[in-house]
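Peer 1: A predicted structure for the sequence below; I have some questions about it.
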Amino acid sequence: MAEVVPKSPEPKAPRTPGQDRSPNTGRPRRAYAGTAVWYVRAVAFINLLSAVWVSLGQDLRRHNTEDYFTPYLLTAGFASGAFTLFLAITLRRRKRAAWILNMVLSGLFLLLLAGSMLLPEIRRHPQNWASLAITAGFVAALAAGRSEFYAKGDRANPKLAAAVAGAGLLVCSLTAALLVSATNEAPDAARSTFAERWGYGTMRLASLADDSPVPHISTPAWVHIALNVLSTALLLAVLYAAFRSRRATDPPTAADEARLRELLARHGDRDSLGYFALRRDKSVVLSPSGKAAVAYRVVGGVSLASGDPLGDPEAWPGAIEPWLAEAREHGWLPAVMGASEEGGTCYARHGLDALELGDEALVEIADFTLEGRAMRTVRQAYNRVVRAGYTVRIRRHEEIGAAELALLTERADDWRDGTTERGFSMALGRLGDPGDGRCVMLECRDGEGELRALLSFVPWGEKGLSLDLMRRDRDSENGLMEFMVIELLQRADEVGITQVSLNFAMFRSVFERGSRIGAGPVLRLWRSLLSFFSRWWQIESLYRANAKYRPVWEPRFLLFERSADLLRIGLAAARAEGFLETPRAPRLLRRRPRNPAAPARPAALTPPEPPAPAAARLSPRPRRPH
């Protein structure tokens, strides 16, 4: 009898920052940290409210003058409201720099207030005693929750913040001086000097007080508000530079990519999105044993992973835990796009919540047929394209010469809709790379041999393909994409595949169930909203395009920590997928340079080999017995 070798357990990943080994001792620290966060949130709300509510703002300023002290950070104004709101956000994200800043400021204010209480005219006001107690409580909560503020910022933040503050203060103060000069209503305005107007404008950047110590200057109230808003914008810019999360992540090395390819070779058939982990704009976290990995990209402070972890499912926790630890260490929000039910379950065990994002269309080659009444419309469209003389050539990328592959890549770039390469979770983003030789290319040509459309698929294990890229000439016949997909499904034996993953359909169940009889009002309303937005984002059209192949629908999930972060995660996902982009003038004005090493594109590429007769391709396939 063969000896049974026990499987070695996955080494334990390092402890996540902020996660105490003992829940009983960690809970009070989290409570203290939460108290400090909620205090700053409440102060931010009052400050912003007092900036727009005139009577409240006047009353608050009256309680913060002469012998009166308000609690830490409590003061009226847009700038103070923005400052406290930013501190509340950074404290909530457990930024270490925010804890240090609050500890220094509140500690100094507490010492000042405690020293002032030695004076009789100060300690005779009950308000000051209340302010002292509240500030002391905040400092104590902040100190007790010290270990909960663990997120690191970028090392370049202090220098960047200083540069932004210096340059911004100069620009804002000069702008304020010019605005004061243009709106000075004092009777003797001509006697004021530019230095006085500059000083007055600089003072108004930080204060909304009614009295003016500068002679010969009187400006309207709207100028005071405009300058305060200007200072608020400057303050936000400085705070953003000081507290921004680390953006740059370590790019994957050649060893990382080799390790990922090994994992795909062993376990690549588990997830149809596994090959997209090889995108070179993603970073990689490996489990201690090297048997699993999580590929992710940081976008807008969100650590965005896609699909399931690679490798052995038993080793997935060893890769998920260090990924979460790194995200919390740098103050990133962890999120996963497009996880399967198995992967989503594993992520959920590590504290992430799940939301069904949509369904992936999977077509089993053995089950696909053009026969039957349900496929009549698809069959008619397919035959129409065949009669128009279009043909399809199917090859692995490694079977295409380098020069010809470069020409195909250039033609695909010409057909791209816009300058942005879209896709992240289900797109490779590098057509024609030498390392992707096992990818499959479909070339569609018209009756004259002119290239009209391209499809590229990435490997899904040994016997599957996942759709990566779809490009076509806008002047070509409608239905070319469907024609090419059907050609691949009917000629799958040429590349030795048994299953194909097509496009992802977001909110598919809403469209399917919302159109049925008896659908509830909420579901019908949700379907109507999605149909409205489909005019721009093609949500419903993707579902309809996939449904015609009668695929198996596999649900895909979005994983996140808190529901309050969904908007930020959604924006980060939209940026990663290429739907949102910050416009840059130099990039908009310049054209993408053509590769001088690439040969000139001929009028038509090499004609394809003669395809099989249409009648042979339309022969019905037997269904798989159930």
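Peer 2: Now that the structure is in, tell me what you want to look at.
Peer 1: how about the strands in the protein?
Peer 2: With strands called from DSSP state E, the chain shows them at 283-286, 292-299, 302-306, 310-311, 333-339, 353-364, 391-396, 440-445, 451-460, 464-472, 499-506, 552-560.
Peer 1: between those strands, which gets nearest to residue 407?
Peer 2: Set against residue 407 and scored by C-beta to C-beta, the strands of the chain come closest in strand 451-460, at 8.7 Å. Bear in mind the C-beta positions are built from the backbone N, C-alpha and C, glycine included.
Peer 1: Which of the strands of the chain has the lowest mean pLDDT?
Peer 2: Mean pLDDT per stretch puts strand 499-506 lowest among these, at a mean of 84.
Peer 1: Relative to that one, what are the paired strands and their orientations?
Peer 2: strand 353-364 (antiparallel), strand 464-472 (parallel) (DSSP bridges).
Peer 1: right, so of the ones you listed, which gets closest to residue 240?
Peer 2: strand 353-364 (28.0 Å).
Peer 1: Tell me which residues are up against the closest one.
Peer 2: 272, 337-339, 344, 347-348, 489, 498-509, 546-547, 549-563, 566, 624 (C-beta atoms under 8 Å, 6 or more residues apart in numbering).
Peer 1: how about it as CSV, C-alpha atoms only?
Peer 2: Extracted as CSV, the C-alpha positions of strand 353-364 are listed here (Å, rounded to 0.1, in the frame of the first residue of the first chain):
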residue,chain,number,x,y,z
ASP,A,353,-19.0,41.7,2.7
ALA,A,354,-20.4,40.5,-0.6
LEU,A,355,-22.7,42.1,-3.2
GLU,A,356,-23.7,40.3,-6.4
LEU,A,357,-22.3,42.4,-9.2
GLY,A,358,-23.7,40.4,-12.2
ASP,A,359,-23.1,37.2,-14.1
GLU,A,360,-20.5,35.9,-16.4
ALA,A,361,-21.6,34.1,-19.6
LEU,A,362,-20.0,30.7,-20.0
VAL,A,363,-20.6,28.6,-23.1
GLU,A,364,-20.0,24.8,-23.1
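Peer 1: Check which residues of it are buried.
Peer 2: For strand 353-364, the neighbour count (16 or more other C-beta atoms under 10 Å) marks 354, 356-363 as buried.
Peer 1: any idea where the helices of the stretch 151-300 of the chain begin and end?
Peer 2: 157-183, 194-204, 221-243, 254-267 (DSSP state H, counting those that start in this stretch).
Peer 1: Turn these into a markdown table, columns for distance to residue 430, mean pLDDT and mean neighbour count.
Peer 2: Below are those laid out as a markdown table (distance: least, C-beta to C-beta, whole Å; pLDDT from 0 to 100; neighbours: other C-beta atoms under 10 Å):
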| stretch | distance to residue 430 | mean pLDDT | mean neighbour count |
| --- | --- | --- | --- |
| helix 157-183 | 32 | 86 | 16 |
| helix 194-204 | 52 | 79 | 19 |
| helix 221-243 | 32 | 82 | 18 |
| helix 254-267 | 12 | 92 | 16 |
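Peer 1: Dump these to JSON lines, plus distance to residue 440.
Peer 2: Shown next, in JSON lines, are those (distance: least, C-beta to C-beta, whole Å):
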{"stretch": "helix 157-183", "distance to residue 440": "46"}
{"stretch": "helix 194-204", "distance to residue 440": "65"}
{"stretch": "helix 221-243", "distance to residue 440": "45"}
{"stretch": "helix 254-267", "distance to residue 440": "16"}
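Peer 1: about what we covered before: just the buried ones from the contacts of strand 353-364?
Peer 2: 272, 337-339, 344, 347, 489, 499-508, 546, 549-551, 553, 555-561.
Peer 1: Read off the pLDDT value for the spatially closest residue to residue 107 that is not a sequence neighbour.
Peer 2: Distances taken as C-beta to C-beta, 6 or more residues apart in numbering place residue 139 nearest to residue 107, at 6.1 Å, with adjacent residues excluded. Residue 139 is assigned 93 on the pLDDT scale.
Peer 1: Residue 139: neighbour count?
Peer 2: Counted with other C-beta atoms under 10 Å, the neighbours of residue 139 add up to 19.
Peer 1: Tell me which of the helices of the stretch 151-300 of the chain lies nearest to residue 59.
Peer 2: Of these, nearest to residue 59 by C-beta to C-beta is helix 221-243, at 17.9 Å.
Peer 1: Work out the gap between the closest one and the centre of the chain.
Peer 2: The chain centroid and the centroid of helix 221-243 are separated by 27 Å, computed with C-alpha atoms, centre = their mean, to the nearest Å.
Peer 1: Over to stretch 488-499?
Peer 2: The answer for stretch 488-499 is 35 Å, by C-alpha atoms, centre = their mean.
Peer 1: And the contacts of that stretch?
Peer 2: Applying C-beta under 8 Å, 6+ apart, the contact partners of stretch 488-499 are 362-366, 368, 370, 392, 394, 396, 440, 442, 455, 457, 460, 463-465, 500, 549, 612, 617-618, 621.
Peer 1: Would you mind listing which of the residues you listed are buried?
Peer 2: So, by 16+ other C-beta under 10 Å, the buried ones in those are 362-363, 365, 368, 370, 392, 394, 396, 440, 442, 455, 457, 460, 464-465, 500, 549, 617.
Peer 1: tally of neighbours for the closest residue to residue 318 other than its chain neighbours?
Peer 2: Distance criterion C-beta to C-beta, 6+ apart; nearest residue to residue 318, sequence neighbours excluded, is residue 287 at 3.2 Å. A total of 25 residues lie near residue 287 under the criterion other C-beta under 10 Å.
Peer 1: Kindly report the same for residue 438.
Peer 2: 15.
Peer 1: show me what contacts it?
Peer 2: So residue 438 contacts 396-398, 459 (C-beta under 8 Å, 6+ apart).
Peer 1: Quick check: the two most widely separated of those residues?
Peer 2: 398 and 459 (11.5 Å).
Peer 1: Please say which of these two ends up with more neighbours.
Peer 2: residue 459 (24 against 11).
Peer 1: so which of the helices of the stretch 151-300 of the chain gets nearest residue 30?
Peer 2: Nearest to residue 30, of the helices of the stretch 151-300 of the chain and by C-beta to C-beta, is helix 221-243 at 20.9 Å.
Peer 1: quick one: the residue nearest to residue 107 from residue 130, how far?
Peer 2: Taking C-beta to C-beta, to the nearest Å as the measure, residue 139 falls 15 Å from residue 130.
Peer 1: do residue 372 as well
Peer 2: Counting by C-beta to C-beta, the gap from residue 372 to residue 130 is 79 Å.
Peer 1: Give me the neighbour count for the closest residue to residue 243 other than its chain neighbours.
Peer 2: Leaving aside its chain neighbours, residue 243 sits nearest to residue 90 (4.7 Å; criterion: C-beta to C-beta, 6+ apart). Residue 90 has 28 neighbours, counted by other C-beta under 10 Å.
Peer 1: OK, contacts around residue 37?
Peer 2: Contacts of residue 37 by C-beta under 8 Å, 6+ apart are 88, 91-92.
Peer 1: By neighbours, which of those residues wins?
Peer 2: residue 91 (26 neighbours).
Peer 1: measure that residue to residue 85 for me?
Peer 2: Applying C-beta to C-beta to residue 91 and residue 85 gives a distance of 11 Å.
Peer 1: Same check on residue 550?
Peer 2: From residue 550 to residue 85 the distance is 52 Å (C-beta to C-beta).
Peer 1: do residue 238 as well
Peer 2: Applying C-beta to C-beta to residue 238 and residue 85 gives a distance of 14 Å.
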